[in-house]
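Undergrad: Give me a model of this one.
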Amino acid sequence: MRSANLEPSGASDSNEQLSWLWPESSDATMAGLYAHPSFVASSAILSPTLGSSSSKDGSGSHQRGDVVASAYGSSSSTTLATTLSNSSSHTTTTNPHPGTLVTIESPIGSPTGNRKPSVFSNSKKILTPYRTQHGRRYHSDESILYLLPSDIPELSRQGIKHLLFKEVFGSYHMSDFSDPQKIPSKVLDIGCGTGLWISNMHDEFAARGRDDVKFFGMDIVPTHAPMPGVDFTYVKHNALSFPYPFKPGEFDYVFVRDLTLGMPDNVQHVEFIAECMRILKDGGLYEIQCTDHSVRSLLETKAPRNPGSSAYTITPITQFATQPKNIYIQGYNSRLAKVLTERQLSPIPCTLVGANLVMEDCLTNYHSLRLALPLDEIWWETESESSSPVDGLMAHYDIKRKSAMMGKNGQQPSVLTEEEKAVRYMARLQLSQFIESMDPYLRAADVSTDDYKPKDMMINFFREGGLRDGECVEFGAWWGTKRSSTSS
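TA: Got it, this is the predicted structure:
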């Protein structure tokens, strides 16, 4: 497998944080964004503990790490920062005998003092788990293709995205646990990352009387924070290294989210699915969630918005523009497509996941859901409910668009609730942080035009309302029950 750790040509290897993202100081502007009313509102809506976080900087704004730290119930972003700064201590206590388990204490201890020790399993020994490159921290195993960093800004982005998944789908999971008897006893999260999903699932199950569920999280580096009271085992293992260190039929529920930036097209997806089915018991639940990485533009539709999230359900008749009108998104999409396809990764994985599962025919009670979450209020949403749908004449479409964008005295009455505005603001913020994390590779992409201007892009996104042409991110979920091995 080719390495993701090759230095992109022209990329800086300084130890300073990237400062291109915002016109002023990155830290100061990010603090301002976290203090933005939409962010504060979305924090309170999406996570009560996040909204009540007491951690502030000198100006009273939320720190970047609060997004993840508060979601764990920690009272300070210092918890997350300390976890990351001390995470190298994991390497001094990792198991010297690969393939067996070793119990270690969290490097920062338990906030409540009653957390069970973390259990770690190594599939192989790596002396240094992290490396620093172009101002960001990455995992050090060059045999593993994964482009994103493993540092506080990136984990903050993952925390925001975790909350977006919950808001868009209305739950942390799509599998049906309405019957308490169906709550699983043993759960595996492949690519567990921050551990937020595990923490929230434990809380949900515990609130329904099942605080005994055993959770396993598998990933290439340990970036999870302490989870007091959770029966949790971390397993260090590459998701593309088969077989996994688990017994056949060991789990009742296998959950996979956002592995698409580490799952190249040349890998046998059949083998990945087969391995997930091997460790899942007959009748066990399997679920995949992911998002597209490219941004598309949703054309005018009469389909209703989903209440609360304001996302639109994608159906066979949903229409998207040939390419987004926003020139910055066009440049981002073209560069991202080149970066990913060179590494045999798909910029639009939501179009592929379902097809792979259907071909394997390994699930019963199979379901899928794909949703388009706009990044801002769309110009055609500001028109009256009685406005006619686009009639296919692009000239007419452009006239309506320009009229709506201009509005009376430059303003149009909003049809979105404050909650919906907050969700879309969070989606913009998550996208901007993803672009920041991918910046070294986007800059190094060899394209014919100078269409990548990050500072101008962020001004356009957050100050100029440049994402009102239907620009959206697609969220997808696929889930079902493993067929019995005796089924024909």
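
Undergrad: can you list the weak-confidence ranges in this protein?
TA: Along the chain, segments meeting pLDDT under 70 span 1-128, 266-268, 383-412, 448-450, 486-488.

Undergrad: just the helices in it please.
TA: Secondary structure of the chain by DSSP state H: the helices cover 26-34, 37-46, 48-51, 66-71, 78-85, 89-93, 152-169, 196-207, 269-279, 327-342, 350-360, 394-406, 418-444, 454-462.

Undergrad: ok, and for the last one, which residues are buried?
TA: Applying a neighbour-count criterion of 16 or more other Cβ atoms under 10 Å, one finds 454, 457, 458, 460, 461, 462 buried in helix 454-462. C-beta coordinates here come from the backbone N, C-alpha and C atoms, glycine included.

Undergrad: May I ask you to confirm that the fourth one is in contact with residue 328?
TA: Yes: contact status for residue 460 versus residue 328: in contact at 5.6 Å, counting by Cβ atoms under 8 Å.

Undergrad: Mutual contacts of these two, please.
TA: Common neighbours of residue 460 and residue 328, counting by Cβ atoms under 8 Å, 6 or more residues apart in numbering, are residue 466.

Undergrad: would you turn the buried residues of helix 454-462 into CSV with distance to residue 246?
TA: Output for these, formatted as CSV (distance: Cβ to Cβ, whole Å):
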residue, distance to residue 246
454, 42
457, 43
458, 43
460, 47
461, 42
462, 44
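
Undergrad: just these now: which is nearest residue 315?
TA: residue 461 (27.9 Å; Cβ to Cβ).

Undergrad: Surely the closest one touches residue 432?
TA: Yes: Residue 461 lies in contact with residue 432 (Cβ under 8 Å); the separation is 6.3 Å.

Undergrad: Please enumerate the shared neighbours of the two.
TA: With Cβ under 8 Å, 6+ apart as the test, residue 461 and residue 432 reach no residue in common.

Undergrad: gap between residue 200 and residue 477?
TA: 16 Å (Cβ to Cβ, to the nearest Å).

Undergrad: hmm, I was thinking of residue 238
TA: From residue 238 to residue 477 the distance is 24 Å (Cβ to Cβ).

Undergrad: okay, those two: which has more neighbours?
TA: More neighbours surround residue 477 than the other of residue 238 and residue 477, with 24 against 19 (other Cβ atoms under 10 Å).

Undergrad: so who does that one touch?
TA: Residue 477 makes contact with 169, 174, 287, 288, 289, 368, 369, 370, according to Cβ under 8 Å, 6+ apart.

Undergrad: what's the burial count for the last one?
TA: Other residues near residue 370 come to 20 when the count uses other Cβ under 10 Å.

Undergrad: which one is it nearest to, not counting chain neighbours?
TA: The shortest distance from residue 370 to any non-neighbouring residue, by Cβ to Cβ, 6 or more residues apart in numbering, is to residue 314 (4.1 Å).

Undergrad: Strands along the stretch 101-250 of the chain, start to end?
TA: Remark: strands assigned in the stretch 101-250 of the chain by DSSP state E, counting those that start in this stretch are 101-104, 118-122, 130-133, 136-139, 186-190, 214-219, 232-236.

Undergrad: could you check the angle strand 186-190 makes with the longest one?
TA: Between strand 214-219 and strand 186-190, the angle comes out at 10 degrees (axes from the mean of the first three to the mean of the last three Cα atoms, to 10 degrees).

Undergrad: Quick one: list the elements packing against strand 214-219.
TA: Applying 3 or more Cβ pairs under 8 Å, 6 or more residues apart in numbering; DSSP states H and E, we find strand 214-219 packed against strand 186-190, helix 196-207, strand 232-236.

Undergrad: Contacts for that strand next, please.
TA: 185-193, 195, 198, 201-202, 224, 230-237, 239, 244, 246, 251.

Undergrad: For the residues you listed, which PyMOL command selects only the ones that are buried?
TA: Entered in PyMOL, the line below selects the buried ones among these, by 16+ other Cβ under 10 Å:
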select buried, resi 186+187+188+189+190+191+192+193+195+198+201+202+224+230+231+232+233+234+235+236+237+239+244+246+251
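
Undergrad: The nearest residue to residue 261 once chain neighbours are set aside: neighbour count?
TA: Once flanking residues are discounted, residue 261 sits nearest to residue 147: 5.7 Å by Cβ to Cβ, 6+ apart. By other Cβ under 10 Å, the residues close to residue 147 number 17.

Undergrad: Could you verify my assumption that residue 147 touches residue 440?
TA: No: Residue 147 is beyond contact range of residue 440, at 9.1 Å (criterion: Cβ under 8 Å).

Undergrad: how close does residue 435 sit to residue 327?
TA: Residue 435 is 15 Å from residue 327, where distance means Cβ to Cβ.

Undergrad: Neighbour count for these two, which is higher?
TA: Remark: of residue 435 and residue 327, residue 435 carries more neighbours, 21 against 14, as counted by other Cβ under 10 Å.

Undergrad: do you know how far that one is from residue 134?
TA: When distance is defined by Cβ to Cβ, residue 435 is 14 Å away from residue 134.

Undergrad: and what of residue 460?
TA: Residue 460 is 24 Å from residue 134, where distance means Cβ to Cβ.

Undergrad: Please apply the same query to residue 373.
TA: For residue 373 relative to residue 134 (Cβ to Cβ), the value is 30 Å.

Undergrad: again with residue 285
TA: Distance from residue 285 to residue 134, by Cβ to Cβ: 40 Å.

Undergrad: Could you do residue 281 as well?
TA: 44 Å.
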